[in-house]
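Q: have a look at this fold, sequence not included:
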């Protein structure tokens with residue numbers, strides 16, 4: 001099972017690497033008040049992808065901490081030890 005996973009990882013890496021090589025043009029992002037930012041397209045896509053992951057992970061933290069408190073209270077109530 002280990003070899004198909006490594007093969008899949010290599011294929012995904014090569015696809016992403018090919019995407020990176022093909023999209024090196026500089027693009028301009030225009031913001032309010034005349035602010036502009038120029039960067040390679042791949043860098044901008046990677047930045048917004050990472051930002052989306054960070055926002056998604058942060059949105060799950062509240063639920064995660066609430067579940068941990070609930071589990072701790074159940075363990076305390078029923079005297080369950082790990």
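A: Nice, thanks for sending it over. As the structure is a computational prediction, the values presented were derived from the model and not from experiment. Numbers count the residues shown, from 1 in each chain.

Q: what residues sit buried inside the helix or strand that residue 58 is a member of?
A: Element membership for residue 58 (DSSP states H and E) is helix 41-78. By neighbour count with 16 or more other Cβ atoms under 10 Å, helix 41-78 contains the buried residues 42, 44. Where C-beta positions appear, they are placed from N, C-alpha and C, glycine not excepted.

Q: that one packs against which elements?
A: Contacts defined by 3 or more Cβ pairs under 8 Å, 6 or more residues apart in numbering; DSSP states H and E place helix 41-78 against strand 26-30.

Q: tell me, how many residues neighbour residue 20?
A: Using other Cβ atoms under 10 Å, the number of residues around residue 20 comes to 15.

Q: so it sits in a helix?
A: Yes - under DSSP: H, G, I helix; E, B strand; the rest coil, residue 20 falls within a helix.

Q: tell me the pLDDT of it.
A: Note for residue 20: predicted pLDDT of 84.

Q: leaving out sequence neighbours, find the closest residue to it.
A: Once flanking residues are discounted, residue 20 sits nearest to residue 42: 4.9 Å by Cβ to Cβ, 6 or more residues apart in numbering.
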